[in-house]
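>>> my questions are about this predicted structure, shown below with the sequence.
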Amino acid sequence: MNNAGQNAAPCSRYPQRDSRRARAVGRMAVWLLGLTVSGSVLAFDADVHPAFTRAAVEVYQACPGVTVSAEAAEAAEALIAGTQAEDASLATVGQRISNWHFYNRNASLKPMWFASRNLDHIFATRVRQLNERVAQGPAASTAQVYQQAGRVLHYIQDMSVPAHVVPVFHVKLLVWNLEDGFDQFPLSPSMASFRLSQAQCEALRADAEGSNPSGRLTRTASATLAAIGQRGGSVNAGAWREYWVYPSPEAAQAEKGWGEYGRCTFVKGTQAPGCKSDAELEALFAQQSVQTLKDSVWMLFYVDRQLKARAGETVVINP
């Protein structure tokens, strides 16, 4: 805490939430070290990622020039499985405990003694593993490449969730649930019928040629911050301040790099005076859902290009 012993921390506008956070974070190290794993650990919602990815596969397959085949279907299932495995696989429980899925905003989200609060290390590891899979050539099957790509995509998808990028601490464990309302928001049935125009498909295809997963993650995080009025002089400046606050009003949490939830909750039917209507919540969620679908389609184009380059095929950007 700044000026320790000289100035008391400023009073928070959200004492109940601050108390909730303090209890949660204070117990976390001891709780996790003694955890016996029998399910999803540090999984915000292990079902949401594959649902978005499956919908994105259909969007991708509707783009001009995309070949639909039995091998492509197997690759798609591997990608979907990879996005879910990053939250749910028992093989990587230790990595999830020690590497949290929060954007390192302003490079200020400081590590704990037993864990990294931000995704920088684990995301770089997953990208490196994807590159290694591609470089293995025929020794790595197409399905293995796509499954690893799914693990990378998982983090990019997370960047459409405001609490992941503000960032605001939240967690969903077996017997201790501090989940995020946006993460739990119901998916719109219209997502199944969403399609990109030919121009949008070609734009994503071209972008996959000239960018990489790290750049895509940063771009999506910045877009989410702009969507809630926290970056880039957005016309939404301040519009969502009652939902997500940065930095945290509590000095100790702000020093660690955290933001905070506001007084309004992102849950339909629970809006207090001064909070957004259900329609406004649905509109923001729909906007971020489209971003997630586009990011997922981008990844499909990106991996397809990498595999074609590996095979020595000519990559055509505008077929």
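Good, I have the coordinates.
>>> in the chain, which residue is closest to the centre?
In the chain, the centroid-proximal residue (C-alpha atoms, centre = their mean) is residue 158; its distance is 0.6 Å.
>>> state the helix or strand in which the closest residue to it other than its chain neighbours lies.
Distances taken as C-beta to C-beta, 6 or more residues apart in numbering place residue 164 nearest to residue 158, at 4.6 Å, with adjacent residues excluded. Bear in mind the C-beta positions are built from the backbone N, C-alpha and C, glycine included. Secondary-structure assignment from DSSP states H and E places residue 164 in helix 162-165.
>>> who are the packing partners of that helix?
Other helices and strands packing on helix 162-165, by 3 or more C-beta pairs under 8 Å, 6 or more residues apart in numbering; DSSP states H and E, are strand 99-102, helix 213-227.
>>> go again using 7 Å as the cut-off
Here helix 162-165 touches helix 213-227, going by 3 or more C-beta pairs under 7 Å, 6 or more residues apart in numbering; DSSP states H and E.
>>> by contact count, what packs against the helix or strand just after the helix it packs on?
Elements were assigned by DSSP H and E; along the chain past helix 213-227, the next helix or strand is strand 244-245. Using 3+ C-beta pairs under 7 Å, 6+ apart as the contact test, no helix or strand touches strand 244-245.
>>> thinking again about what came up before, so the residue nearest to the centre of the chain makes contact with residue 87?
No: in this structure residue 158 lies outside contact range of residue 87 using C-beta atoms under 7 Å: 9.6 Å.
>>> all strands for the stretch 101-250 of the chain, in order.
For the stretch 101-250 of the chain, the strands defined by DSSP state E, counting those that start in this stretch cover 116-118, 171-172, 177-178, 244-245.
>>> what residues does the longest one touch?
For strand 116-118, contacts defined as C-beta atoms under 7 Å, 6 or more residues apart in numbering pick out 98-100, 102-104, 109-111.
>>> are any of those buried, and if so which?
Applying a neighbour-count criterion of 16 or more other C-beta atoms under 10 Å, the buried members of these are 98-100, 102-104, 109, 111.
>>> and of those residues, the nearest to residue 254?
Minimum separation from residue 254 among the buried ones among the contacts of strand 116-118 (C-beta to C-beta) is found for residue 109, which lies at 11.2 Å.
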